[in-house]
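Visitor: With the input below, show me the fold.
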Amino acid sequence: MAVCLCSTQLARRVREMREARAAPIVQAVDQKAAAAAARKALTSVQTLPRGVEVLDPLGLGVMDNKSLRLITDASVSSPVSREKAQGLDPNMREKVIYSSPNFDPKVFLSWVHKDTSAADLESGALTLKTDLKGRTQQKKQLVKENFDCFVSCKTTIDDIESKLRQIEEDPEGAGTAHLYSVTQKISGVANRAFEPLFERQAQAEKIRSVQGMLQRFRTLFNLPSAIRGNIRKGEYDLAVREYQKAKSIVLPSHVGILKRVLEEVEKVMQEFRGMLYKSMEDPHLDLAELENIVRLLLELEPETDPVWHYLNIQNSRIHGLFEKCTLDHEVRMEVLQNKIREKMLSDSKWRQLQQDSNKSLEVDSGIGDSFQDDQLSANIMAEEADSLRAAYIRRLTAVLIQHVPAFWRLALSVFSGKFAKAAAGNVLSDSDPSTKQNVNKTDDKGGEAKYTNHTLDEVATMVRATVSAFDTKVQSTFRDFEECNILRPFMGDTIKEIAKACHTLEGKDSSPTAVKMLRTLHFEITKLYILRLCSWMRAKTKEISKYETWVTLSTLERNKSPYAISCMPLEFRDITTSAMDRIDFMILNLRSETAKSYDISQQLQEIHESVRLAFLNSFLDFAGYLERFGGELAQSRSNKENNHTQNGYVNGTDRESAGSLDGDLHKKLLVVLSNIGYCKVELSDELYTKYRHIWSPVRDNDERNADMRDLMTSFSALEEKVLEQYTFAKSNLIRNAARNYLLDSGIHWGAAPVVKGIRDATLDLLHILVAVHAEVYSGARPLLEKAMKILVEGLVDIFLSIFHENKTKGLRLLDANGFCQLMLELEYFETILRAYFSIEAEQALRSLQENLLEKACESVAEALENPGHQRRPTRGSEDAASDDKQSVSPDDLLALAQQCSNEVLQGELERTRLNIACFMESTLQPISAPAGSKPSAYHSYQAPVTVHAPVQISSPSFRRQQTSTNSPVVSRRRR
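Guide: Numbers count the residues shown, from 1 in each chain. Predicted coordinates:
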């Protein structure tokens, strides 16, 4: 009875100790503050369900049984967050629970009290020490108060043990060993009898266990097929929800099949992620679908940023479209090259057949026609190639316009927070209330949250790379355009396409850097086109200079110009106009772009100056080609004269053919002269006035006038040079005619017949001047007066030269009749050619007349001194020779010549009026001289005439023809 009482008391005390262990009672007076804090913490968890909390051994609160975190006021106010909290790993849990044998104090403090302050930890340590002392004191007090019970229980236990040992030691007693052996026998018989039943029972238990597990986790087992079905139906949100539900399930660690099911779910969702990423490559994906895909991927926690992935896809797609355009262009160009090679091979075979056929028929094959056909075929092929290049740039521009603005707008929408709500729901945690408040503020502002690690500058870099690739392809292709097709619309259309791309990107809020790069590209290819036009203008001028036809145009064709030009100046004008019109249009566009966008005034000034120099140099080049024509014609004439001088003329036919060739050369020289005059007077001023506004913004009036002065100076110098070459060529004809007139006309000047009128040799000499007058009048009328003055001056100089060369030979003697004849004819020339007599020509004529008078006086005096050697006097000279002893004075000879002139000159002018009509129209209205007038040649002889040395005397204008001058065009400073 006493043992039972002690056992009852011991059990009661043990229960009290267990309760005291579960909730230690701190009796120390210095722990009242810690106990009060613990009670304050406990009061806040009175509403928690049972089994949810675990008391903190430090007395600082209550721990959540699931997460083993210290429950604070914030977590108590949000029980939903605790429900969503994931459980600890079993190994970690064993180290945190202080009642576990694997308890680790360091892990416990780092997990449970990671946010506890040092003061609280010190207070908890003091509480723990006090609790340990209290427990030790309780154990001692328990033993002291119940010592009799412990002694009584020990005595009772020893008695029971003694009695059991006696029973075991008795062989006939019913001890535990005997009982164990009997039980074993009975168990063996039972096992043999019921073993199959037990096995089936164990199998049934396993099946029921598996069935229960399947029933319990049937949702999890059906999850892979359910997710696949949702994806197949397009219910992506439901599939993502099911996946998130599966991830939230806490599975037993020892059940491997459940892990395999989750692995299958992960595999399905990985395929789903791949499908979503693949769907981003759809070129027709709209913004709503993209937003949904991004939201789904963010909920699935992808490894990469889906928005950045989509931007990379779009950027790669644009580059891919560029490359596709390039490949298509290369294929088309390859097809064209094959076509060209086949055509060249076919043409070569055809020409070979023609040559073989012509050889068999002994017919000359047309090589020139074949060359022209080849050139035409090459131009056609070049045009086709340029057409392909223009189409290629057009396709590249279409890709840029269609995709780059959309790409940039998408980037702006992304980085302005278009998808912020979709991202924030998966990135933020419920345990961070401050972050949640920030998200709510962001939502109120319209979704400006930033959810990607990338920046808009990186997208701008992508756009720059795209535009740079476009720039490279366009510039490379633009430089491949053929020079022969520069007037075709290919280059101009390309520049328009680039300008259209600039306007499109400017109007769609595109990247400023991309727009600037396109503007730069537009300026560069426009500048390149302008420079190529300048180069083409000069090259084409050189090309047309190789094919001068020497056929003058009609008056209507040259727009009633007084210059009978060939087609070359008009071709030059067409070339210049074609190039400058396009340059003008391009510069006008650049100026308008400058007004709307960034400043390129400095670059424009460089273009203006380049265009101005190219324009002026093209005129100088053309002048140089005209100068070359004049030099070649003069050299050709000189070579022919040398050949004729060395070989002589075989017969009259050769002389006539030589004269015909000379006339052809003279006409060509006149055509060159007309072309120069036309360019100088009309073309240069017309074109410069038309296009000077191109470079006028950078040049003042003085500089513009200087440009025209330079052109006028160059063409004037060239005009003088070619005019000298022309008049020099004509002066040779005049020299021959003058020699015939003075020496080979059949008159012996020492015994000349009586003066009857103008000789035929005089008219022959005059007809040369008439022909020149008509030729220059019809070919270069503005140069008529200058050319005739030079030739008239040259005629007098030639007379002087021949006189001095032959005054001891053919002109050794000059009687009175001869003197009167020559004076009459010189007065005839002076009267007819009065309008073209310069001061120098008049002085030379006076000198010639004085020389003739001197020679006549000498001849008459010699004849009087040696009458035996005189020839038979002729009619008209009898009175002069009647008195042998009388001498003749110069005044008498002049009076005699004046008398002959008065008697004959007027009639001869009337008789030859048709021959001299071209000279007399404006110079001689009253043909007869006024009464009593007396030409200066007939003034009284005042003093002896000075005897001139036998040297050539010529006027300054004529002497310039005899000296070679440098090229006036080449001597000009080339720009």
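
Visitor: Tabulate the CA atom coordinates of stretch 110-129 in CSV.
Guide: Extracted in CSV, the C-alpha atoms of stretch 110-129 (Å, rounded to 0.1, in the frame of the first residue of the first chain):
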residue,chain,number,x,y,z
SER,A,110,21.9,32.3,-36.6
TRP,A,111,18.4,31.0,-37.7
VAL,A,112,16.0,32.0,-35.0
HIS,A,113,17.7,35.1,-33.6
LYS,A,114,19.3,36.6,-36.7
ASP,A,115,17.4,39.8,-36.3
THR,A,116,17.6,39.9,-32.4
SER,A,117,19.6,42.7,-30.9
ALA,A,118,22.6,42.1,-28.7
ALA,A,119,20.9,43.5,-25.6
ASP,A,120,18.0,41.0,-26.0
LEU,A,121,20.5,38.2,-26.6
GLU,A,122,22.3,39.1,-23.3
SER,A,123,19.0,39.2,-21.5
GLY,A,124,18.1,35.8,-23.0
ALA,A,125,21.4,34.3,-21.9
LEU,A,126,20.8,35.5,-18.3
THR,A,127,17.3,34.0,-18.4
LEU,A,128,18.8,30.7,-19.6
LYS,A,129,21.3,30.6,-16.8
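
Visitor: now the strands: where do they sit in this structure?
Guide: Along the chain, counting by DSSP state E, strands occupy 53-55, 62-64.

Visitor: Could you report the separation of residue 72 from residue 97?
Guide: Per C-beta to C-beta, to the nearest Å, residue 72 is found 20 Å from residue 97. Where you see a C-beta, it was placed from the backbone N, CA and C, and this is true even at glycine.

Visitor: More neighbours: those two, which one.
Guide: More crowded of residue 72 and residue 97, by other C-beta atoms under 10 Å: residue 97, with 17 against 13.

Visitor: nearest spatial neighbour of the more buried one, skipping sequence neighbours?
Guide: In space, and not counting its chain neighbours, residue 97 is closest to residue 103: 6.6 Å by C-beta to C-beta, 6 or more residues apart in numbering.

Visitor: how close does residue 393 sit to residue 329?
Guide: Counting by C-beta to C-beta, the gap from residue 393 to residue 329 is 9 Å.

Visitor: Report the set of residues contacting both of these two.
Guide: residue 477 (C-beta atoms under 8 Å, 6 or more residues apart in numbering).

Visitor: Provide the backbone phi and psi angles at the residue nearest to residue 97.
Guide: Main-chain torsions, residue 103, degrees, to the nearest 10: phi -60, psi 130.

Visitor: try residue 809
Guide: Taking degrees, to the nearest 10 as the convention, residue 809 sits at phi -120, psi -100.

Visitor: try residue 480
Guide: Phi and psi for residue 480, reported as degrees, to the nearest 10, are phi -80, psi -10.

Visitor: residue contacts, the residue nearest to it when sequence neighbours are not counted?
Guide: In space, residue 480 comes closest to residue 389 once its chain neighbours are excluded; the distance is 6.0 Å by C-beta to C-beta, 6+ apart. Contacts of residue 389 were listed using C-beta under 8 Å, 6+ apart, and they are 329, 477, 478, 480, 481, 490.

Visitor: now with 10 Å?
Guide: Contact analysis of residue 389 by C-beta atoms under 10 Å, 6 or more residues apart in numbering lists 329, 332-333, 476-482, 485, 490-491, 494.

Visitor: Against residue 601, how distant is it?
Guide: 31 Å.

Visitor: same thing with residue 342?
Guide: 52 Å.

Visitor: Point out where the stretch 701-850 of the chain drops to low pLDDT.
Guide: 701, 704 (pLDDT under 70).
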